Each structure stands twice: as C-alpha cells, then as structure tokens.
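Asks: fold the following, please.
(chains A and B)
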Amino acid sequence: MAKGIWAQIWLGRLFYLGSMLVLIFLSLVPVDFQPSRGAGPDLAFGLTAAVMFRRPDMLPVLLVAGIFLLMDMLGQRPPGLWAAIMVLAFEFTRLQEYRFRELSFLLEWMFVGTILLIALLAERVVLMLSMVPQVGFAQVALNYLISVVFYPLVVGFCVFVLRIRKLSPQEAVQYGHRL
Amino acid sequence: MARNRHRDQYYGRPLKRVLSGVLVLFLLAIFVIWRVDNPRMEQVRMTLIDKLVPSFDWALVPVANLARMVADFQSYTNIYQQNQELRRELQRLKGWREAALQLEQKNAKLLDLNKVRIDPKLTYITGVVLTDSGSPYRQSALINVGARDGILDGWATMDGLGLVGRISGVAQNSARVILLTDSNSRIPVTIQPSGQRAILAGTNSAFPVIEFLEDTEAVHPGDRVVSSGDGGVFPPGVLVGQVVLGRNGRLLVQLAADYQRLEFLQVLRAPKAARIGVSDELVGVDDAPAVAVEGDVTGDATGSGIGEGDG
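Replies: This next block holds a predicted model:
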C-alpha cells in the first residue's frame, strides 16, 4: 500500500515537472519577435496552484523554488524575486489548503485570484523600492485578469490530463498521516 | 480532528518551515546580489542559459518551424490579394532594379578610380536565432554565436536589411540581442533627409518612439531613420526604419527589419565598442581621452557607406 502511494506521488511530481518544463520550452520557441499587445495567462502559477490545492504532498518546496528560479533566469526577469514570492505564496496556500477540501471550486478560484493579486502587488512594491524599471501597470492588470479567467482550464488540465485530483475523504483517512 | 492533524503536521514540523524560510532568504539574496552587482549576475545568467539551451536545441528548431507553418497556413486566406499586390510591387521593383544596376556600375567605376578599399574591420558574423526572450515583457533573442566567435557586448546586429538590436550579454557559445522594441533599448539615430539627431527608445510595442528631437517640424512621416553612430557605440548609417505618425501625434519608427521572421542575425564587428563591465563606472571613458574618441567617430564615418553595403 505504502509503496503504491509513493509511486503515485512521484509520478505526480514527474508530471508536474514535465508540464512546467514544457511551458518554459514553449515560452522560448522563437516564432514571432513582434511585441504582442497582451501577454498570455500565467499558466505556471495556475498549474502550481491547481496542484497545490489537489495534492500538496506532490509539491515539495524545493521543486517549486527550483522551477520558479529557473523561469526567472530564463525569462530575463530579476532573478530570485518572483521565485521568493511564489515560495511564500504557495507555502501559505499549503497551510490553508485543508480549509478548501470540502468547499466549492468557486472559493478556491477566488482564493487563487487573491493570492496572485497580492503576489503581483508585492513584486511591484519591491521592484519600485529597489528602483528597477518595470512593466506598465495596464499590461500587468490585463495579464492578471486573463490568468484568473484561465484558472479553471488549468485545473481541468491538472485533473483530467495529469490525473492529479483531490483525495476523497475516505482516501484521506486511509493515507491520513501523509496528507 | 482532521484540522488538528493538520496543525500537528505543519506546525509540528519546524524543520520544513525553516527550510522554506531559508529558501526564501536565499532567493531574495539572489535578487539583492543581482540588484547590487548586475553585470556579474547577468553573466551568471548568460552562462546558465548557455549551458541549458543547446541541450534542447534539437527540439526548438522543429517546433519553431511547425509554428511558422501554422502561421503560414493561416495566411493562405488572403493569399490571392497578396499575390496581386506582389505583382504590382514586382513591376515597380523592376524599374528600381534597372536604376540600381546602373548605379552599381557607376559606383564600381568611381571606387576603381579612387582606389577605395572597404574597411576590413567592418565585417559581420552571422548567427542563428536560438530562443525568444521567454517573457512577454522582454524583447530579446538568443543567437548561437558568442565569446568563442569574438562577439563583444554592445555590437550592433541586423537582419540583412535593417538594424535589429544590440548585443547585451555574451556567453561562450551564445549571446543575447536586446531588440530595438525592448523597453530598455535606446540607440542614437539620424533622421534623413533633415539630418536631425535623436534617440530611438523601445517601448515594448512594435513601434519604438523618437525621443529628444530638436525640431519636430522638420521630420515627416516616411523619412528614413538610420543609426547615427554617436558616442562610437554603433556603426553609423545602418538603416533602422521609417518615421510614422502615432495616434497621439508622437513620432514613431516602423522598423525595416522583419521582426516576424528573425531567423538569422548579422552581428556587425565594431572597431571599438564601449565596454560595459562594472556597474559603477562611466561607459566608454576608461582609457580613451576626448581626442581619441573624436578620432574614433570619424573613423566610423569613413565606414558608413560600407555598413549599408554589407546589408
């Protein structure tokens, strides 16, 4: 039994890591260098939040930190800042996750939207205080809205494609000590 | 009950929380180091990218080609219209071709008479574009030539027709090109035919803005914009684009380089590029007295026609 759980957890981690690497890869493919009007949704944040709400045991903090630091490095962003904010945001989500187990998806959606908003504001404040030039507010606001709107789709991907879903109360009791 | 268990698990495991705390501090320390000693951290970043990107180079090319094919397929819808336009354009270009041939012959004769030799320093190295910037808010490209090929920070790159950007960040096998559309890009330009000097500033949109223009009256939409070579950073006379009028009366530039299809970039070897090595020093003043800088600029000016000839 215990072996089965570990295999499941490691498979989940592998799927998560693979999806994140594909996201990074797709962001690097050189197709069109014309600046686009609006940025796409922040799928990396969405997927991490979706997995964190489903199976926090599949997301060790080192994995989250490593992935987001890599994205900072490859995405020409100030290295470390967004990764640090993401680690804080997701560790906070990890602590709150049990409250949302039996609640409707709508509340989870609102929670994720709020976390992303706070994270973006925190990033802007730190960048402003350290006098780093940053992206226009309107662009980021639009990007934020798109990210929040896309969240249910990301959850759908997480549940139906990666097969990472919430444990039923029965299973939770079964592996209780691990959750 | 379940709640209590949770509490026990997370509050009862201080080690995990300490690990998260240490991680956050470590990440913030990276940010602070980047802020304080930017060039060194950017070098670390370039080295990391240099190690990582070639390892999935084999996958990048087919995916990029596939995406381009899809984009091409979408454009089939208006292909008839394009065909008509191209025919008309071809007709006009035939006339130009004739004129160009005549001019070329004339030019060759004059060069022969003058015994002019092209400045051997103003050559270029061609690189293949490897990746995009990886962020919608940064406009840059990674090319597969680097320190190994003698690339230096600050050199200009063009796509064969117009200026594309400037090298910023060189690793052993790759270099990053900051495109003219990036919000950090500022290059000195001259607007022809009025000959006015200005700064071309990227705004993260397709049309960079002309800034610090002395007399806006003398500039009209359609004027040619070329690099001016002020400060000896860029070779002068490289085509940048055309002036267009923005919606709120601002003067913008439509870039000559085809930003939708950047596959190969030419890096122009500049004789003496200003080095940006340390964050707290002035750029381009280290060992060059004012006279030497003056000489540098005129040296560039003799090569101005060649820059265009190469392209």
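Asks: from here on, contacts and neighbour counts on C-alpha atoms
Replies: Noted.
Asks: what sits against the residue in the stretch 151-300 of chain B positioned nearest to chain A?
Replies: Among all residues of the stretch 151-300 of chain B, residue B:260 sits closest to chain A, at 4.6 Å; criterion: CA to the nearest CA. For residue B:260, the contacting residues are A:31-34, by CA atoms under 8 Å, 6 or more residues apart in numbering or on different chains.
Asks: how about residue B:198?
Replies: B:188-191, B:210-214.
Asks: can you do 10 Å?
Replies: Shown in contact with residue B:198 (CA atoms under 10 Å, 6 or more residues apart in numbering or on different chains): B:187-191, B:210-215, B:225, B:227-228, B:230.
Asks: can you report phi and psi for it?
Replies: phi -160, psi 180 (degrees, to the nearest 10).
Asks: got it, and residue B:191?
Replies: phi -100, psi 120.
Asks: quick check: which ranges of chain A have low pLDDT?
Replies: A:1-3, A:37-38, A:172-179 (pLDDT under 70).
Asks: repeat that with 90
Replies: A:1-9, A:24-42, A:55-58, A:75-77, A:94-104, A:131-140, A:142-143, A:162-179 (pLDDT under 90).
Asks: looking at it, which helix is longest?
Replies: In chain A, with assignment by DSSP state H, the single longest helix is helix A:2-28.
Asks: mind checking the backbone torsions on residue B:241?
Replies: The phi/psi pair for residue B:241 (degrees, to the nearest 10) is phi 170, psi -150.
Asks: okay, now it: neighbour count?
Replies: Neighbourhood size, residue B:241 [other CA atoms under 10 Å in any protein chain shown]: 23.
Asks: any part of stretch B:240-252 near chain A?
Replies: No - figure legend: stretch B:240-252 not in contact with chain A (CA under 10 Å from any CA of the partner chain); closest approach 14.8 Å.
Asks: thinking again about what came up before, next, the buried residues of the longest helix of chain A.
Replies: Neighbour counts over helix A:2-28 (16 or more other CA atoms under 10 Å in any protein chain shown) mark A:9, A:12-13, A:15-17, A:19-21, A:23-28 as buried.
Asks: which one of the residues you listed sits closest to residue A:170?
Replies: residue A:9 (17.7 Å; CA to CA).
Asks: distance of the closest one from chain B?
Replies: 18 Å (CA to the nearest CA, to the nearest Å).
Asks: could you chop chain B up by domain?
Replies: Following the assignment in automatic domain parsing, chain B carries domains at B:2-52, B:124-268.
Asks: of those domains, flag the one that's most buried.
Replies: Neighbour counts (mean count of other CA atoms under 10 Å in any protein chain shown) averaged over each of the domains of chain B peak at domain B:124-268, with a mean of 21.
Asks: gap between the two ends of it?
Replies: One end of domain B:124-268 to the other measures 4 Å (CA to CA, to the nearest Å).
Asks: kindly report the same for stretch A:95-113.
Replies: For stretch A:95-113, the end-to-end distance is 17 Å (CA to CA).
Asks: which of the domains of chain B has the lowest average pLDDT?
Replies: With a mean of 81, domain B:2-52 has the lowest mean pLDDT of the domains of chain B.
Asks: got the angle for the next helix-or-strand element following the longest helix of chain A vs helix A:2-28?
Replies: Counting by DSSP states H and E, the next helix or strand C-terminal to helix A:2-28 is helix A:43-54. On the basis of axes from the mean of the first three to the mean of the last three CA atoms, to 10 degrees, helix A:43-54 is oriented at 160 degrees to helix A:2-28.
Asks: now helix A:43-54: buried residues?
Replies: Buried, per 16+ other CA under 10 Å, within helix A:43-54: A:43-54.
Asks: need the residues of the stretch 51-200 of chain B near chain A, please.
Replies: Counting by CA under 10 Å from any CA, the residues of the stretch 51-200 of chain B near chain A are B:52-53, B:56-57, B:59-68, B:71, B:129-142, B:179, B:181-184.
Asks: do that again at 6 Å, thanks
Replies: B:60, B:64, B:131-132, B:134-136 (CA under 6 Å from any CA of the partner chain).
Asks: so residue A:90 is in which element?
Replies: Using DSSP H and E, residue A:90 falls in helix A:81-96.
Asks: mind listing what's buried in that helix?
Replies: A:81-91, A:93-94.
Asks: out of those, which touch chain B?
Replies: A:81, A:84.
Asks: so which of the buried residues of helix A:81-96 comes closest to residue A:131?
Replies: residue A:81 (13.5 Å).
Asks: now for the residue nearest to residue B:63 when sequence neighbours are not counted: which residues touch it?
Replies: Counting by CA to CA, 6 or more residues apart in numbering or on different chains, residue B:63 lies nearest to residue A:29, which is 7.1 Å off, once chain neighbours are set aside. Applying CA atoms under 6 Å, 6 or more residues apart in numbering or on different chains to residue A:29 gives the contacts B:60, B:64, B:131-132.
Asks: in helices, which of those fall?
Replies: B:60, B:64.
Asks: looks to me like residue B:267 is in a strand.
Replies: Yes - per DSSP: H, G, I helix; E, B strand; the rest coil, residue B:267 lies within a strand segment.
Asks: could you find the closest non-adjacent residue to it?
Replies: Per CA to CA, 6+ apart, closest to residue B:267 is residue B:157, 4.3 Å.
Asks: quick check on that neighbour: phi, psi?
Replies: Taking degrees, to the nearest 10 as the convention, residue B:157 sits at phi -130, psi 150.
Asks: please apply the same query to residue B:225.
Replies: Dihedral angles (degrees, to the nearest 10) for residue B:225: phi -110, psi 120.
Asks: which residue is the nearest non-sequential neighbour of it?
Replies: residue B:191 (4.6 Å).
Asks: could you verify my assumption that that neighbour touches residue B:228?
Replies: No - if you go by CA atoms under 6 Å, residue B:191 and residue B:228 don't touch, sitting 8.7 Å apart.
Asks: just give the closest residue to residue B:47, not the sequence neighbours.
Replies: Here the residue nearest residue B:47, using CA to CA, 6+ apart, is residue B:171, at 5.5 Å.
Asks: measure that neighbour to residue B:127 for me?
Replies: 14 Å.
Asks: skip ahead from the helix holding residue A:90 and say which helix or strand is next.
Replies: Counting by DSSP H and E, what follows helix A:81-96 is helix A:105-129.
Asks: hmm, that next one touching chain B?
Replies: No - judged by CA under 6 Å from any CA, helix A:105-129 makes no contact with chain B; its nearest approach is 9.9 Å.
Asks: and the angle for that helix with helix A:81-96?
Replies: Using the same axes, to 10 degrees: helix A:105-129 against helix A:81-96 is 150 degrees.
Asks: which bits of chain A sit near chain B?
Replies: Counting by CA under 6 Å from any CA, the residues of chain A that sit close to chain B are A:27-35, A:39, A:75, A:79-81, A:84.
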